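Peer 1: quick one: sequence and predicted model below, then my questions.
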Amino acid sequence: MSFPILVSFVVPIYNVEEYLTECLESLYSLERGDYEVILIDDGSTDSSNSIASLFAEKYKNKTTLINQENSGLSCARNTGLSHSVGDWVIFIDSDDFFHTENLNIVLEGLGNTTADIIIYDVYQYVDDTGVKKNMYRVPNPMIGKGAVNSLTYMEALYKRRLYNFVTAWDKVYRREVLTKYNMNFIPGRLCEDVPFTHELLFNSIKVEFVDLKVLFYRLRSGSIMTTRSPKKLKHIELNVEFLHELFRQHNLRDAIYYDYLIMLAKQVVNGKQQLSWRIWLELFKSPSSARKKFVMFELMLKNINIMVKGRSE
């Protein structure tokens, strides 16, 4: 691709034949020539690869199609990132799709921002009813603030318990920043956005929130987000460990951060998965609000019951 590339779209694909056409049509309908699309088929066993191949052939001047053995979303994103050459990178999950007009508005503004990450809002697409609707979110406290330090941004959202800032699919990343900090998703990790986003934001870069709904986020049964499996719960536990160490390294003493870890621990225990006692000990030694301390005590009792039941089975 010899033309200047403003943005690289990274599209991991795995068994999404029902949704992939809508995703790619929303992307390729951009009426501009300064973007590339990197399609990574992560070992699909349905017709996803055939669909991707049709688009790759139709738009071959701006498309790279990569076929790899199934390795998971993190590895597929890493593959796409390693092949990207644009000034900016956007990750989109292949069952979601863009509001193309609003996406173009965001892209038009990239040349005028000092930010390293642009964050935008999303709609929700409810698959079983076919209804597109606003996803309810408390208004982002950084609306109209322009480019701010990422630590300031993260603290502002933590204070309001707006933890949805961790997702990777509602952002535009300056690629040179991802390269500078050697950013990759943890291979094989579920809920991989959580460690990736935190690690990146702790580099004290510039972040700007744009109050536009750019993406339709698809809520569907069977997706990683809606499925609660022992493997997923184990990976949430691993994220608790990762974030606790990250918070410790950055000498964070505010309870707002550790309250989030207790919330994640609650997901594990309420899913009937035992949480490591070593993690419980670290959480107890960490700052947390009185309310979360009480929650943690209740969770420990549940954790004991899970342990006892596991030994008796």
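Peer 2: Cool, the structure landed.
Peer 1: please name the residues that touch residue 229.
Peer 2: With contact set as C-beta atoms under 8 Å, 6 or more residues apart in numbering, residue 229 has no partners. To be clear about C-beta, it is placed using only N, CA and C from the backbone, and glycine gets the same treatment.
Peer 1: gap between it and residue 290?
Peer 2: Separation of residue 229 from residue 290 (C-beta to C-beta, to the nearest Å) stands at 33 Å.
Peer 1: which SSE is the closest residue to residue 264 other than its chain neighbours in?
Peer 2: Nearest in space to residue 264, with sequence neighbours left out and distances taken as C-beta to C-beta, 6 or more residues apart in numbering, is residue 240 at 5.1 Å. In this structure, residue 240 is located in helix 230-249 according to DSSP states H and E.
Peer 1: list the helices and strands that helix packs on?
Peer 2: If contacts are counted by 3 or more C-beta pairs under 8 Å, 6 or more residues apart in numbering; DSSP states H and E, helix 230-249 sits against helix 193-201, helix 255-270, helix 277-285.
Peer 1: any regions of the stretch 151-300 of the chain where pLDDT drops low?
Peer 2: Residues of the stretch 151-300 of the chain meeting the criterion pLDDT under 70: 220-228.
Peer 1: residue 6: how many residues sit nearby?
Peer 2: Neighbourhood size, residue 6 [other C-beta atoms under 10 Å]: 17.
Peer 1: correction: the previous question concerned residue 304.
Peer 2: As a burial measure, residue 304 scores 12 neighbours (other C-beta under 10 Å).
Peer 1: over to residue 4?
Peer 2: 10.
Peer 1: please report how far the residue nearest to residue 264 lies from residue 205.
Peer 2: On the measure of C-beta to C-beta, residue 240 and residue 205 end up 24 Å apart.
Peer 1: ok, residue 287 next?
Peer 2: Residue 287 is 25 Å from residue 205, where distance means C-beta to C-beta.
Peer 1: could you do residue 102 as well?
Peer 2: 24 Å.
Peer 1: between these two, tell me which one has more neighbours.
Peer 2: residue 205 (20 against 17).
Peer 1: so which residues of the stretch 51-200 of the chain form strands?
Peer 2: 63-68, 88-91, 97-98, 117-126, 131-134, 148-149, 171-174 (DSSP state E, counting those that start in this stretch).
Peer 1: need the winner for burial among these.
Peer 2: The highest mean neighbour count among those, using mean count of other C-beta atoms under 10 Å, belongs to strand 88-91: a mean of 26.
Peer 1: in its sheet, what does it sit against?
Peer 2: Partner strands for strand 88-91, per DSSP bridges, with pairing direction: strand 7-13 (parallel), strand 171-174 (antiparallel).
Peer 1: need the contact list for residue 20.
Peer 2: Per C-beta under 8 Å, 6+ apart, neighbours of residue 20: 13, 48, 51-52, 94-95.
Peer 1: state the distance from it to residue 281.
Peer 2: 46 Å.
Peer 1: hang on, residue 258 packs against residue 287?
Peer 2: Yes. Residue 258 is within contact range of residue 287, at 5.5 Å (criterion: C-beta atoms under 8 Å).
Peer 1: the two: who's more crowded?
Peer 2: For residue 258 versus residue 287, neighbours defined as other C-beta under 10 Å are more numerous around residue 258 (23 against 15).
Peer 1: residues contacting that one?
Peer 2: Contacts of residue 258 by C-beta under 8 Å, 6+ apart are 244, 247, 283, 286-288, 292.
Peer 1: report the buried members of these.
Peer 2: Buried members of these, scored by 16 or more other C-beta atoms under 10 Å, are 244, 247, 283, 286, 288, 292.
Peer 1: as a markdown table, these with distance to residue 154 would be great.
Peer 2: As requested, those are exported to a markdown table (distance: C-beta to C-beta, whole Å):
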| residue | distance to residue 154 |
| --- | --- |
| 244 | 16 |
| 247 | 11 |
| 283 | 20 |
| 286 | 17 |
| 288 | 18 |
| 292 | 19 |
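Peer 1: remind me what the longest strand seen in the chain packs against, helices and strands.
Peer 2: The longest strand of the chain (DSSP state E) is strand 206-219. Helices and strands touching strand 206-219, by 3+ C-beta pairs under 8 Å, 6+ apart, are strand 97-98, helix 100-108, strand 117-126, strand 148-149, helix 150-159.
Peer 1: what's the closest of the helices and strands packed on helix 230-249 to residue 9?
Peer 2: Among these, the nearest to residue 9 by C-beta to C-beta is helix 193-201 (17.1 Å).
Peer 1: next, the angle from the closest one to helix 150-159.
Peer 2: 140 degrees (axes from the mean of the first three to the mean of the last three C-alpha atoms, to 10 degrees).
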